[in-house]
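# I need the structure of the sequence given here:
(one chain, ligands or ions: 1)
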Amino acid sequence: MLKAPNLSAVDWLTHGFGQRDSVYPSPITTVKQIHSDTVAEAGDGVAEADGLVTQQPGVVVGVRTADCVPVLIVDTQQRAVAAVHAGWRGSARNIVAVAVRELISRYGTRLEDLSAAIGPSIGVCCYEVGSEVARLFQNSTPETNGRLDLAVINERQLREAGVQNVWMAGVCTFCEAQDYFSFRREREQAGRMTSFIGVI
Ligand SMILES: [Zn+2]
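Just a heads-up that it's a prediction; the model follows:
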């Protein structure tokens, strides 16, 4: 299990970015992911979303990925958390900013109290995309040429949303085959890693 230093520093928090062999705490609340920008509250009956928030102690929320970007966010004062799944579709819709807005509107979050962590995802080394997809990001990542750096895109979106404390794993799921599933590498055989966060 990969841990983010800035989230590990919060002693009432549990979190982790799953790897191939990870053993997970249970239960973890997840919902069907549909590459949307929908962020729901755990337990509110929403069946499909790509982000979950909660302020309930004991409720651990998670997202499942294999190349897409998992993002975990905590409000260290209101003790609220968010787990976000950001592929290129979610990133094009700035789902991390949606999650930040949900935290603010539901829990009275202040931006300065947020810490975020960006987990392993397919790196710019390995993520070639078609021109239609690249065009969606041409204003946000002028340096990429037919490749997308989804982790950096999400980092910038978090910072533009007002989150200053952002940690990045800097790990490519495609390159690090021994530790991570990769949909691009393994196709239909690819498993999924779960990334989770919750208030103990
Ligand atoms: Zn790579």
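# for this structure, what helix or strand is lowest in average pLDDT?
When the helices and strands of the chain are compared on mean pLDDT, DSSP states H and E, helix 131-136 comes out lowest with a mean of 89.
# which residue packs closest to the residue of the chain positioned farthest from its centre, ignoring adjacent ones?
In the chain, the residue that sits farthest from the middle, by CA atoms, centre = their mean, is S131; the gap is 24.4 Å. Of all residues not flanking S131 in the chain, G146 sits nearest, at 7.5 Å (CB to CB, 6 or more residues apart in numbering). Using the backbone N, CA and C atoms, a C-beta is placed for each residue, glycine as well.
# count the residues that sit near that neighbour.
11 (other CB atoms under 10 Å).
# then C175?
Around C175 there are 16 residues (other CB under 10 Å).
# cool, and D179?
Neighbours around D179, by other CB under 10 Å: 15.
# are we agreed that A83 is in a strand?
Yes - with DSSP: H, G, I helix; E, B strand; the rest coil as the criterion, A83 is assigned to a strand.
# buried residues in the least confident helix or strand of the chain?
A134, L136 (16 or more other CB atoms under 10 Å).
# hey, C-alpha coordinates of the very next helix or strand once past it in PDB?
Following helix 131-136 in sequence order, the next helix or strand is helix 150-161 (DSSP states H and E). Coordinates of each C-alpha in helix 150-161 appear next as PDB, following Å, rounded to 0.1, in the frame of the first residue of the first chain:
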ATOM      1  CA  LEU A 150      -3.100  13.300 -16.200                       C
ATOM      2  CA  ALA A 151      -1.400  13.500 -12.700                       C
ATOM      3  CA  VAL A 152       0.000  17.000 -13.500                       C
ATOM      4  CA  ILE A 153      -3.300  18.100 -15.000                       C
ATOM      5  CA  ASN A 154      -5.100  17.100 -11.800                       C
ATOM      6  CA  GLU A 155      -2.400  18.800  -9.600                       C
ATOM      7  CA  ARG A 156      -2.900  22.000 -11.500                       C
ATOM      8  CA  GLN A 157      -6.600  21.800 -11.300                       C
ATOM      9  CA  LEU A 158      -6.400  21.300  -7.500                       C
ATOM     10  CA  ARG A 159      -4.100  24.300  -7.200                       C
ATOM     11  CA  GLU A 160      -6.300  26.400  -9.300                       C
ATOM     12  CA  ALA A 161      -9.300  25.300  -7.100                       C
END
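# give the buried residues for stretch 28-38.
I28, T29, T30, V31, Q33, H35, S36, D37, T38.
# contact partners for the residue nearest to S131?
For G146, the contact set (CB atoms under 8 Å, 6 or more residues apart in numbering) comprises E128, V129, S131, A134.
# how close does it get to G123?
14 Å (CB to CB, to the nearest Å).
# one more: T173?
8 Å.
# give me the more crowded residue out of these two.
T173 (30 against 21).
# the nearest residue to the more buried one once chain neighbours are set aside: helix or strand, and which one exactly?
Among residues not flanking T173 along the chain, Y180 sits closest, at 4.0 Å (CB to CB, 6+ apart). Y180 belongs to no helix or strand when assigned by DSSP H and E.
# quick check: Y180 touching A190?
No - assessed by CB atoms under 8 Å, Y180 is found out of contact with A190, at 9.6 Å.
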